[in-house]
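Asker: What follows is a predicted structure for the sequence shown.
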Amino acid sequence: MKNMIKIVLSAFAITLTMNCANAFPDVSENYWAAPQIKTLSEQGVIVGYPDGTFKPDENVTRAEFASMAIKALGQQNTKVAQPVNFSDITREYWAYDAIQKALYFDLVSAPKEGEPFRPEDSVSRAESLSVAVNALTTEQISVQKAKEVLAKAYIDANTIPEWFVIPAGKAEILGMMVIMPSADKAKIEAERPATRAEVAAILFKMMEQAKLNPNAKLAEAMRKKTGDGFVIENATVQGSIGTIPAGAVVPVELTKYISSQSSEAGDLFTGIAAQNYVTKDKYILVNKGAALKGQLVDVRPGRWFVRNGVLVLDNSLITTNNDQTVSFNAVANIKKDRNWFMKFVRFCFKGEKLEVPAAGTVNLKLLKPVKVDLTNGWILE
């Protein structure tokens, strides 16, 4: 059983690496939306089908799009105090919470109480682009200005619905209009159902713009989170991204006893962040409670006059409070704190035994830098 768990853990780490390098078999590297699909799939915003494919030309339902948009903006954990009632959605519906959050953040307009949301209808290009624009703080433009901007670029600009004219104009001005490569002249095709590839491209543009100019509600929710905790002095912050550099040391509370005398190389260990990891300005890099997993890679018992005990841990994964599991490569070489005299004694008289009790702390030294979105705790690298 122990060997099986080791294999699964190793396979999972390998799978993470492979997924980053190879997204979906039906999305080639030179596909027009491949970079956006790859990025959003890595961040858990969009997912493939059980057979491993992405099916970029399939449509997306309004409920699916609401869920994707909320994930793209990192607002899965937002609480909505006053939900809106719909005639066709109950609290048990799988996307109920995501739809309520989309309403709360003004991504979609709230219909009259009791009106249907139409969650299983395909989301149109106009609807998806409007959501992307609604996520932002934008300059106001007139209908006439929007029509002028659109008429210069699209042959069907005068056929789009009136309600979509201004959002479409803003999308064009902001460079957010997504048009699939075609031999024909560019068309908005506002009322055509959006494909999964188009949705990925639209959400990607929305994410990038929302980092700079989110709407008022999102701006409040997307503030960099702060708190007390273990300060990583050499962590850096650039915009909303925090970086824990390679070489940084973080404390981890183990969940079970390990010892140089009874443990074996290859044994698995688990631990938790017993406190937030924060920058010197108190921006939270890793939230308290994050789970860490790895193996004991070098275990040798202490033997009198032969050697001191050896206990080395290799951490491979971290699961954050967002339920995101990613690589977190770090090592811990367990040592006892000794003054100079006891170090001399142990150098001369071998036999020191090492152990860490359950709930005991080990210090992990990071082998690779880790980048974190400080607004939502999402680990980017």
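Answerer: Sure thing, it's come through.
Asker: Wait, Gly266 touches Val312, no?
Answerer: No: contact criterion CB atoms under 8 Å: Gly266 and Val312 do not qualify, at 11.9 Å. For every residue, glycine as well, the C-beta is placed using N, CA and C.
Asker: Now the common contact residues for those two.
Answerer: With contacts taken as CB atoms under 8 Å, 6 or more residues apart in numbering, the residues that reach both Gly266 and Val312 are Leu296, Val297.
Asker: what about those two, which has more around it?
Answerer: Val312 (17 against 12; other CB atoms under 10 Å).
Asker: what helix or strand is that one on?
Answerer: strand 310-319 (DSSP states H and E).
Asker: What are the contacting residues of that strand?
Answerer: So strand 310-319 is contacted by 9, 12-13, 252, 258-260, 263, 269, 271, 286, 290-300, 325-334, 354-356, 362, 364, 379 (CB under 8 Å, 6+ apart).
Asker: Can you say which of those are buried?
Answerer: The neighbour-count test (16 or more other CB atoms under 10 Å) marks 9, 13, 252, 258-260, 263, 269, 271, 286, 290-296, 299-300, 325-332, 334, 354-356, 362, 364, 379 as buried among those.
Asker: what separates the closest residue in space to Gly239 that isn't next to it in sequence from Ile241, distance-wise?
Answerer: Leaving aside its sequence neighbours, Gly239 sits nearest to Lys211 (CB to CB, 6 or more residues apart in numbering; 7.3 Å). If you measure Lys211 against Ile241 using CB to CB, to the nearest Å, the figure is 9 Å.
Asker: And Glu220, by the same measure?
Answerer: With CB to CB as the criterion, Glu220 and Ile241 are 19 Å apart.
Asker: This structure: helices as residue ranges?
Answerer: Taking DSSP state H to define them, one finds helices in the chain at 2-21, 34-42, 62-72, 96-104, 125-134, 143-151, 165-173, 196-212, 216-221, 340-348.
Asker: what about the closest residue in space to Glu172 that isn't next to it in sequence, neighbour count?
Answerer: With CB to CB, 6+ apart as the criterion, Glu172 has its nearest non-adjacent residue at 5.2 Å, and that residue is Val149. Using other CB under 10 Å, Val149 has 20 neighbouring residues.
Asker: swap in Ala248?
Answerer: 19.
Asker: Isn't it up against Leu366?
Answerer: Yes: Ala248 is in contact with Leu366 according to CB under 8 Å; the separation is 4.8 Å.
Asker: ok now do the residue nearest to Glu172, which residues does it touch?
Answerer: Neighbours of Val149 in contact, by CB under 8 Å, 6+ apart: Ile141, Gly169, Glu172, Ile173.
Asker: now the residues you listed as JSON lines including neighbour count and pLDDT?
Answerer: Formatted as JSON lines, the contacts of Val149 follow (neighbours: other CB atoms under 10 Å; pLDDT from 0 to 100):
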{"residue": "Ile141", "neighbour count": "16", "pLDDT": "97"}
{"residue": "Gly169", "neighbour count": "25", "pLDDT": "97"}
{"residue": "Glu172", "neighbour count": "19", "pLDDT": "97"}
{"residue": "Ile173", "neighbour count": "17", "pLDDT": "97"}
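Asker: from the residues you listed, which two are the most distant?
Answerer: Ile141 and Glu172 (10.1 Å; CB to CB).
Asker: What lies in contact with stretch 212-227?
Answerer: 73-75, 78, 104-106, 134-138, 210, 237, 240, 276, 278, 281-284, 374-377.
Asker: Any of those buried? List them.
Answerer: 73-75, 78, 104-105, 134-136, 138, 210, 237, 240, 276, 278, 283-284, 374-377.
Asker: residue ranges with poor pLDDT in the chain?
Answerer: Along the chain, the parts satisfying pLDDT under 70 run over 1-22, 113-114, 183-184, 338-349, 381.
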